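Visitor: Predicted model, plus sequence, below.
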2 protein chains.
Amino acid sequence: MTLAAVLDRIDSDLPHATERLFELMRIPSISTDPDHAGDCARAAEHVAAELRALGIEAETRITPGHPMVVGHGGSGDRHLLFYGHYDVQPVDPLELWDRDPFDPALEQTPAGTVIRGRGAADDKGQLMTFIEACRAWVAVHGSLPCRITFFLEGEEESGSPSLVPFMEENREELSADVALICDTGMFSEGTPAITTMLRGLVGEEVTITGPSKDLHSGQFGGPAMNPIRVLAGVVAGLHDAAGRVTVPGFYDGVPEMPEDILEQWEALNFDAGDFLGKVGLSHPAGEAGRTPLEQLWARPTCEVNGIWGGYTGKGFKTVLPAKAHAKISFRLVGDQDPAAVRENFRQMVRDKMPPDCTASFHEHGAAPASQMEISDPAFAAARAALSDEWPNPAAYVGGGGSIPIAGYFKTVLNMDSMLIGFGRDDDQIHSPNEKYDMESFHRGTRSWARILDALR
Amino acid sequence: MTLAAVLDRIDSDLPHATERLFELMRIPSISTDPDHAGDCARAAEHVAAELRALGIEAETRITPGHPMVVGHGGSGDRHLLFYGHYDVQPVDPLELWDRDPFDPALEQTPAGTVIRGRGAADDKGQLMTFIEACRAWVAVHGSLPCRITFFLEGEEESGSPSLVPFMEENREELSADVALICDTGMFSEGTPAITTMLRGLVGEEVTITGPSKDLHSGQFGGPAMNPIRVLAGVVAGLHDAAGRVTVPGFYDGVPEMPEDILEQWEALNFDAGDFLGKVGLSHPAGEAGRTPLEQLWARPTCEVNGIWGGYTGKGFKTVLPAKAHAKISFRLVGDQDPAAVRENFRQMVRDKMPPDCTASFHEHGAAPASQMEISDPAFAAARAALSDEWPNPAAYVGGGGSIPIAGYFKTVLNMDSMLIGFGRDDDQIHSPNEKYDMESFHRGTRSWARILDALR
């Protein structure tokens, strides 16, 4: 009975909830821009005050960067930790926005009502679905349904430099049974999702050096080795004809997905043609013999994210450059060891160097893949709760990208995460005209109320 | 007697000649950069004024690009045309220069005094050796030693788009008995050279397009084809394991060098170890089974002069880019057909495109290889004059670079060219810290005075 009353309360309070979200969105908490440090602090205070209004002991905590918001409320056997972030991406290019990014508004679109503005989806709207669910629960029931620790950061869009040190310093305070992370999306229209696996990431920058300085290709072309040619050979050799990555030992620790998971993914009727077609592609380019969803969620990849060398300006310059560079990333799955991938890649590159060429490397971060223990009954309970709210049953899905916080919760706090969110592919996060569907905000709030009921 | 007085005049006037060269070098006439169009016009006016000061009827001529400078002076049976260029290469990366590239200065080095700055060797210093030789002749003798047409362009470093149309429109005015081109180098310390064969050039820019916009490599990596990977495959496939270029039909029209020429080259005792060692290399990287001099002078090549795509700034960005680009040049010899090389290259690239990727091309100039008629007695006379000035006899050599003007003089004006210059291998033309040896400037000026005396 309690749940029904909470859901009713959410429905009737929606206009006020929307206005509260707008208040938070009006604070331009761009974490990467030092000019907005004051706004980040203001957003942190604002969110902490929202939590205190629900009877939660919440405060902002100083870090070397932007403040953390930490709050504790409720009681009971189950202890949940809720994570979100109050900071947002920069808004440039401003001229591509149809309105002031920090003056949020509702807009009627052919697909329904949307909340328009920076942070609507990433992550203020998603964060507020959880807070509004708590608010309704408190309004109806007088208290939170279970013991909840709130942990909100303001550096997610700028590399989270303070996150791990803060977690390590406050390990005991932040440890809970399971974490809830509200920074992901729906699988598709009408189908909510729990992201249960995320790919890890290894970032590398390689520089090939040939001649000791830039040469004229007329004066030296022929006898002198060109490092761009060598780098191209390295890059071209990273995949075999079947699309597999050729780094020795790369597939160590890559699991085959269980049949039941593959069957569940098959049942999702993922429209690869539509997914690729939206970005001008038609042909899944990953490993042969794998479905597009496997390629995206369950298979490791190697991508060149940047390449440069020689003259790249207007016109033409017949230079034979001294150096050529590439930024290369590996997406990892299962138990692939980031350190081993990095070292095996480096050794493979070194082994390919012809006479007179050397390779040097610069590290750009590493994180292992995350795989949640979905045998924990909490996952099934949350999935059932989500399925009750939405037209279609909830799916366990993978995520092609990396959400480092999930990895940190595992490695630093030994805690699994439930990644649940209501974003859509067309939310334009990190881009002009970001939006969040009103349906995501409304049903998202109701979803959290149901999940809290199921998990209490 | 006249010659000795002219040489004395050159010796005594050297400080002023150096300052006049500095004045020209201070004008940043970077022809490939539209922002420097005004500087190119200024350099043209400056050179025209220098010629007028010698009693030469000289003026700048408008073209669709940068101006030409054309001047006529002197009289006599022999009609020489002198060609040079007043434009220079870009200066990036600026941070690798030890001084402002457009604030020239003399520097004392262990190898002697050098003139440091952009254009010192290519081609302002070389151009001024000829003008200073004329100046000394006029100062001593009251007039030029023979009839000379001056033809100076400002687009040599940017593909010379206006050159051939201008030559065709002014065919009669520009026709002479033989052309003198001052854009080449010494064979070695103490050994001047007349370049009698030059490689041609085809410049191409290729763009590979995959997705319709830049993607996030987490959201799309795997299923989406990365155009950098495709471009790397193209570049890596341009050479086979023996260093030969793989473009179909590429070696059509490539001659084997006659035995007597190979023997003369052998006698030059070219020190490949030293040549490569100066630029940090040790291993001739061209076609297997060819000497380094053959690789440089008599064999065609393919070089990647620039490559870029994705994120190339500081840090890391997990972008999967929509496009990747390369600037690629071919050096041609013998009767290789530039148009056929270009088309065969393009077709080869198109044939390599995987699904969803397209290749587009942009042309950056073309010129066939040049081979002079060294049986003309003027060649022997110039060679003897050069041999008088320098410690060692002058050599007939090949040139690895392309000097398209020599080909145009032949094809448009039916005129052979004598390519004589005093650059050194370590002049760092097209690179940071370009220099010209004071000995080259001084003896180069004296060499032209001797050659004019021999050819009048």
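Guide: Structure received.
Visitor: quick one: the strands in the stretch 301-450 of chain A?
Guide: Secondary structure of the stretch 301-450 of chain A (DSSP state E, counting those that start in this stretch): strands at A:301-310, A:319-320, A:323-332, A:358-367, A:370-371, A:395-399, A:416-420, A:435-437.
Visitor: The residue in the stretch 351-456 of chain A that chain B sits nearest to - how many residues pack around it?
Guide: As assessed by CB to the nearest CB, chain B sits closest to A:G401 within the stretch 351-456 of chain A, at 2.5 Å. To be clear about C-beta, it is placed using only N, CA and C from the backbone, and glycine gets the same treatment. A:G401 has 18 neighbouring residues, counting by other CB atoms under 10 Å in any protein chain shown.
Visitor: got a list of what it touches?
Guide: A:198-199, B:216, B:218-219, B:318 (CB atoms under 8 Å, 6 or more residues apart in numbering or on different chains).
Visitor: rerun that using 6 Å as the cut-off
Guide: Contacts for A:G401 (CB atoms under 6 Å, 6 or more residues apart in numbering or on different chains) come out as B:218-219.
Visitor: what separates it from A:G315, distance-wise?
Guide: Look at A:G401 and A:G315: by CB to CB, to the nearest Å, they are 38 Å apart.
Visitor: for chain A, which spans come out with low pLDDT?
Guide: A:1 (pLDDT under 70).
Visitor: ok, now with 80
Guide: A:1, A:402 (pLDDT under 80).
Visitor: can you list the domain ranges for it.
Guide: As assigned by automatic domain parsing, chain A contains the domains A:2-198+A:369-455, A:200-254+A:300-367.
Visitor: between those domains, which one is nearest to A:F275?
Guide: Taking CB to CB, domain A:2-198+A:369-455 is the member of the domains of chain A nearest to A:F275, at 8.3 Å.
Visitor: mind checking the longest helix of chain A?
Guide: helix A:2-25 (DSSP state H).
Visitor: Now whichever residue of the stretch 1-150 of chain A sits closest to chain B: closest residue in space that isn't a chain neighbour?
Guide: Ranking the residues of the stretch 1-150 of chain A by distance to chain B (CB to the nearest CB) places A:T32 first, at 11.2 Å. Excluding the flanking residues, the one nearest A:T32 by CB to CB, 6 or more residues apart in numbering or on different chains is A:S158, at 4.0 Å.
Visitor: Tell me how many other residues crowd A:L94.
Guide: For A:L94, using other CB under 10 Å, the count is 10.
Visitor: With A:D8 instead?
Guide: Neighbours around A:D8, by other CB under 10 Å: 12.
Visitor: State the distance from it to A:A449.
Guide: With CB to CB as the criterion, A:D8 and A:A449 are 10 Å apart.
Visitor: Quick one: name the residues of the stretch 351-456 of chain A near chain B.
Guide: A:355-356, A:364, A:400-401 (CB under 6 Å from any CB of the partner chain).
Visitor: Could you grab the helix/strand/coil label for A:V114?
Guide: strand (DSSP: H, G, I helix; E, B strand; the rest coil).
Visitor: where exactly do the strands run in the stretch 101-250 of chain A?
Guide: A:105-109, A:112-116, A:147-153, A:178-181, A:193-198, A:200-209, A:215-216.
Visitor: would you turn those strands into JSON lines with distance to chain B?
Guide: Conversion of these to JSON lines gives the following (distance: least, CB to the nearest CB, whole Å):
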{"stretch": "strand A:105-109", "distance to chain B": "21"}
{"stretch": "strand A:112-116", "distance to chain B": "21"}
{"stretch": "strand A:147-153", "distance to chain B": "20"}
{"stretch": "strand A:178-181", "distance to chain B": "16"}
{"stretch": "strand A:193-198", "distance to chain B": "9"}
{"stretch": "strand A:200-209", "distance to chain B": "5"}
{"stretch": "strand A:215-216", "distance to chain B": "5"}
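Visitor: A:N344 contacts A:P248, correct?
Guide: Yes. Under the criterion of CB atoms under 6 Å, A:N344 makes contact with A:P248 at 5.1 Å.
Visitor: ok, the closest residue to A:F441 other than its chain neighbours to A:F422 distance?
Guide: Spatially, and ignoring its direct neighbours in sequence, A:F441 is nearest to A:G125 (5.7 Å; CB to CB, 6+ apart). Computed with CB to CB, the distance linking A:G125 and A:F422 is 8 Å.
Visitor: For A:P104, which residues are in contact?
Guide: Applying CB under 6 Å, 6+ apart, the residues near A:P104 are A:22, A:25, A:117.
Visitor: Next to chain B, which bits of the stretch 151-300 of chain A? Give me the list.
Guide: A:203, A:211-219, A:221-226, A:228, A:232-233, A:235-236, A:279-286, A:292, A:295-296, A:299.
Visitor: Pull out the buried positions in the longest helix of chain A.
Guide: Neighbour counts over helix A:2-25 (16 or more other CB atoms under 10 Å in any protein chain shown) mark A:3, A:6-7, A:9-10, A:13-14, A:17-18, A:20-22, A:24-25 as buried.
Visitor: Same check on stretch A:210-224?
Guide: A:210-211, A:213-224.
Visitor: okay if I get these as JSON lines plus distance to A:Y83?
Guide: Output for the buried residues of stretch A:210-224, formatted as JSON lines (distance: CB to CB, whole Å):
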{"residue": "A:G210", "distance to A:Y83": "47"}
{"residue": "A:P211", "distance to A:Y83": "50"}
{"residue": "A:K213", "distance to A:Y83": "50"}
{"residue": "A:D214", "distance to A:Y83": "49"}
{"residue": "A:L215", "distance to A:Y83": "53"}
{"residue": "A:H216", "distance to A:Y83": "56"}
{"residue": "A:S217", "distance to A:Y83": "54"}
{"residue": "A:G218", "distance to A:Y83": "59"}
{"residue": "A:Q219", "distance to A:Y83": "59"}
{"residue": "A:F220", "distance to A:Y83": "56"}
{"residue": "A:G221", "distance to A:Y83": "56"}
{"residue": "A:G222", "distance to A:Y83": "59"}
{"residue": "A:P223", "distance to A:Y83": "59"}
{"residue": "A:A224", "distance to A:Y83": "54"}
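Visitor: between those residues, which is closest to A:E373?
Guide: A:G210 (49.5 Å).
Visitor: Provide a list of residues in contact with the residue lying closest to the closest one once chain neighbours are set aside.
Guide: Excluding the flanking residues, the one nearest A:G210 by CB to CB, 6+ apart is A:P227, at 3.8 Å. Applying CB under 6 Å, 6+ apart to A:P227 gives the contacts A:208, A:210, A:323-324.
Visitor: Nearest residue to the residue of the stretch 101-250 of chain A found nearest chain B in space, please, no chain neighbours.
Guide: Across the stretch 101-250 of chain A, the shortest distance to chain B (CB to the nearest CB) belongs to A:G218, at 2.3 Å. Using CB to CB, 6+ apart and skipping the chain neighbours, the partner closest in space to A:G218 is B:G401 (2.3 Å).
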